[in-house]
Each structure stands twice: as structure tokens, then as C-alpha cells.
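Colleague: A predicted structure for the sequence below; I have some questions about it.
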Amino acid sequence: RPRPPIPNKQHTASSHGGALVSNSIHTRRFGAVDYDDEKDVLFFEDGLPGFEQYRRWILIGGEKEPLKWLQSLVDGDLALPVASPFHIDPEYTLAIPADEAEAIDHDRAAPERTGVLVVVTIPLETPWEATANMIAPIVVNMNTRRARQILVDDERYSVWYPLLKQPAREKLAKTAGSGA
């Protein structure tokens with residue numbers, strides 16, 4: 001069964017037992033963003049492929065927004081667009097390999113506590129050609145906030161899985177080409 005995406009965080013200061021617990025990072029894309037170390041931070045023990053030195057991230061985006069941003073807490077200039085694979089393909093399924101599940105303390109008895117995201121690539125000049133890396137999803141243990149990008153072997157998907165169906169891409173390309 002599909003799993004829900006990671007819930008939205010508003011990234012504001014919160015109170016824990018009367019003490020205000022909040023941090024802030026200045027980002028290029030979002031300006032100053034407040035976050036709670038205990039509730040908002042996703043910890044990638046091994047970093048992300050290509051970004052191994054960045055281990056602490058937060059998720060930014062409105063609850064109803066299909067596209068969110070994975071913002072590095074080390075580099076305010078580094079934010080990756082992400083989305084739920086279940087919004088891209090409602091038939092998406094994911095079997096988390098045992099070693100990967102163990103790495104984030106995934107509880108197979110409570111799969112609803114696992115968030116799943118995929119990294120999205122949006123070409124600047126042709127955004128209708130946006131793709132998602134559906135074979136390397138990010139899995140998050142929602143209890144511990146431990147996260148990991150994993151590789152799955154599923155011939156239905158690729159690193160460049162189109163976000164839009166071919167007719168929609170063609171229509172948008174044609175509209176952009178006509179200047180309309």
C-alpha cells in the first residue's frame with residue numbers, strides 16, 4: 001500500500017515544557033527559515049549521494065503543495081525540489097530492502113510512519129519536461145527523523161521519470177513555443 005508523504009512542517013518556533021526551542025537558517029530561496037531541531041530536522045547518516053557532507057535537512061512547503069523543498073541546514077544555497085512518488089504515480093509501490101530499513105530503524109509493523117520522497121529535476125527553459133528520480137526514493141522514519149536515499153530495482157521507473165504525461169508536455173511545449 002502507498003505510504004503517506006512526510007507531513008508538512010511550518011518551521012516556526014515551538015514550545016517544549018515552557019522553553020522555546022528554535023533555530024534559524026538564512027536560505028537563498030526562502031530567506032530566513034525557523035525550524036525546531038527535535039521536530040523538523042531530517043538526519044541522513046550518510047548524507048545524500050553527491051552531498052555526503054550534508055547530513056541535516058528540513059522539509060519546506062505547504063501542506064497542499066505537491067512540490068516541497070529539502071533544504072540543507074549547512075548550506076543555505078542548497079535546496080532540492082522533492083515530491084511524493086504517490087502524487088506522481090498513484091500506483092507507485094516500494095519495498096524497502098531489509099538493510100536500508102534497519103539503517104533508519106524502519107518499523108515494518110507501522111509502515112504509515114515512513115515518509116517517502118523523490119528528488120525532482122526541473123529544467124529552467126523547459127519546466128514541462130520535469131522528471132523525478134523514482135528509482136532512488138528518500139525514505140524517512142517519521143518517529144526518529146532518520147532518513148536515507150535508497151536504490152530500488154523496478155523496471156517501471158527511471159531516474160528521469162516524467163512528471164507530466166506526454167500529451168500534457170506536448171501541449172505546454174506548443175503553448176510556450178507560440179508565446180501564449
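Modeller: Perfect, I can see it now. Keep in mind the model is a prediction, meaning the values are calculated, not measured.
Colleague: What's the local residue count around residue 94?
Modeller: Residue 94: 17 surrounding residues under other Cβ atoms under 10 Å. For the C-beta atoms, the positions are set from N, CA and C on the backbone; glycine is no exception.
Colleague: Go ahead and confirm it touches residue 85.
Modeller: Yes. Assessed by Cβ atoms under 8 Å, residue 94 is found in contact with residue 85 at 7.4 Å.
Colleague: Find residues that contact each of those two.
Modeller: Common contact partners of residue 94 and residue 85 (Cβ atoms under 8 Å, 6 or more residues apart in numbering): 116, 137.
Colleague: Give the full set of residues in contact with residue 88.
Modeller: Counted by Cβ under 8 Å, 6+ apart, residue 88 has contacts 118, 132, 134, 161, 163.
Colleague: Show me the residues you listed that map onto strands.
Modeller: Mapping these onto strands (DSSP state E) picks out 118, 132, 161.
Colleague: residue ranges with poor pLDDT in this structure?
Modeller: Scanning the chain for pLDDT under 70 picks out 1-21, 108-112, 179-180.
Colleague: residue ranges of the strands in it, please?
Modeller: 14-16, 19-21, 23-27, 31-35, 42-44, 56-60, 67-72, 79-83, 114-121, 131-132, 138-141, 146-149, 161-162.
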